[in-house]
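In: Any chance you can model this:
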Amino acid sequence: MTGDGARPTLRTLARATGLGVTTVSRALKDGNEIALATRERVKRAADELGYVPNAAGRRLRTGMSGTVALLLSPHPEVAGFGLSMIAGLTRALDGSGRELLVVPDVPSGDELAAVRSVLAGRRADGLVLSRIRPQDVRVRSLLERGVPFVTHGRTELATVHASHDLDNAELARLAVERLIARGRRHLLLVPPARGFTYRAHMQVGFERAVQRAGAETAPSPDAAFDLDLPLDELRAHVASACAGRQPPDGIVCGGDGACLAALAGIADAGRRPGIDVDVIGKQTSPALDHVMPPIDTLHEDLEAAGLALGTQLLALLDGAAPDGLRTLAAPVPRWRTGLDPHDDPRPDTADHTEPSP
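Out: This next block holds a predicted model:
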């Protein structure tokens, strides 16, 4: 700090280093036009004096906040999602001079509330959205306003926008084919909640794969049977289905929590997970690595997704066109079981991941 306790400014650094204010400012921003030795000298002086950039002043001068906002749903199914996404976005922003702002996107009658909150206060220069709908009103609003944004998931809007998504149709196809290879013929899907784009992708992939295999789709135990159900209700529905007249012998789950609930529901019905009924799940956290007996999963690397989204958003903020910023990740199989469900399902080696069939 300065001797009189006042907050150090660019002028303070300029006096301490004997450089001009403009040179000091460019050095702090790692401007290539400033010699490396000069940049390092300015940064050392800034550390010694306790200089912190004045964000409010920068906002007034440039109209930019220096932050990007992640709109995050508080839904339990995406709790792990948030931590991984934040880690990936933080990696992407490292060294960019921008910081991450996490804004709760609480479900309500006003789908634009969180977006308006960010934009009205000029709290962020760009946004990251998740839980995307085919005709997402948040996306429409940001497109109309010309605000840079990226989405984790895809819309069906005609206007191109930056996005990163997992191929959930491919995930469902791989899961069904794995269950068929294990001799399962009566399959049940625990899908994402209605209204989200990735539900349609997963459902189409599941139904087409079941049809191609000549297998059967087990009827949904309830009209609201999806990932948005509380886990105890989901467990009860799976138990009811497994105790019914046409019980499933294979279940594909769209999330980590749903897998745990399904395994418990199978046992509640007096059936044996991994022997009588197989569960294959979409895995986004380490939790399913420790289930016994082990289950097969298809992994989405959410930290990598956050890194991709952050990189895309920085590109948009630098003036890149959104049509070159759309990526689709492949699910990674983590096969932990043999193809005979009557074999001992416990792993006999430390590394029990098989290649994708």
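
In: Report the spatially nearest residue to residue 31, omitting neighbours in sequence.
Out: residue 39 (7.8 Å; Cβ to Cβ, 6 or more residues apart in numbering). Every C-beta, even on glycine, is put in place using the N, C-alpha and C of the backbone.

In: Tell me which other helices or strands the strand or helix carrying the one you found touches.
Out: If you go by DSSP states H and E, residue 39 is part of helix 36-49. Counting contacts by 3 or more Cβ pairs under 8 Å, 6 or more residues apart in numbering; DSSP states H and E, helix 36-49 is packed against helix 10-17, helix 21-28.

In: Mind telling me which of those helices the model trusts least?
Out: When those are compared on mean pLDDT, helix 21-28 scores lowest, with a mean of 82.

In: before we move on, back to that, tell me which of the helices and strands packed on helix 36-49 lies nearest to residue 236.
Out: Proximity of those to residue 236 was assessed by Cβ to Cβ; the nearest stretch is helix 21-28, lying at 58.6 Å.

In: For that closest one, give me every contacting residue.
Out: Residues lying outside helix 21-28 but in contact with it, judged by Cβ atoms under 8 Å, 6 or more residues apart in numbering, are 10-11, 13-14, 17, 19, 33-34, 38-39, 41-43, 46, 53.

In: In TSV: the helices and strands packed on helix 36-49, plus mean neighbour count and distance to residue 253.
Out: Written out in TSV, the entries for the helices and strands packed on helix 36-49 read as follows (neighbours: other Cβ atoms under 10 Å; distance: least, Cβ to Cβ, whole Å):
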stretch	mean neighbour count	distance to residue 253
helix 10-17	18	55
helix 21-28	19	49
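
In: Could you give the number of residues near the residue nearest to residue 31?
Out: Applying other Cβ atoms under 10 Å, we find 19 residues neighbouring residue 39.

In: re earlier: just the angle between the helix holding residue 39 and helix 21-28, please?
Out: Orientation of helix 36-49 against helix 21-28 (axes from the mean of the first three to the mean of the last three Cα atoms, to 10 degrees) gives an angle of 90 degrees.

In: okay, helix 36-49 in CSV with CA atoms only?
Out: Taking only C-alpha atoms (Å, rounded to 0.1, in the frame of the first residue of the first chain), the coordinates of helix 36-49 have been written out as CSV:
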residue,chain,number,x,y,z
LEU,A,36,8.9,-8.4,-21.2
ALA,A,37,11.3,-7.1,-18.6
THR,A,38,9.2,-3.9,-18.3
ARG,A,39,6.0,-5.9,-17.9
GLU,A,40,7.6,-8.0,-15.1
ARG,A,41,9.0,-4.8,-13.4
VAL,A,42,5.5,-3.2,-13.4
LYS,A,43,3.9,-6.4,-12.1
ARG,A,44,6.4,-6.6,-9.2
ALA,A,45,5.7,-3.0,-8.3
ALA,A,46,2.0,-3.7,-8.4
ASP,A,47,2.4,-6.7,-6.0
GLU,A,48,4.6,-4.7,-3.6
LEU,A,49,2.2,-1.7,-3.5
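
In: All set, thanks.
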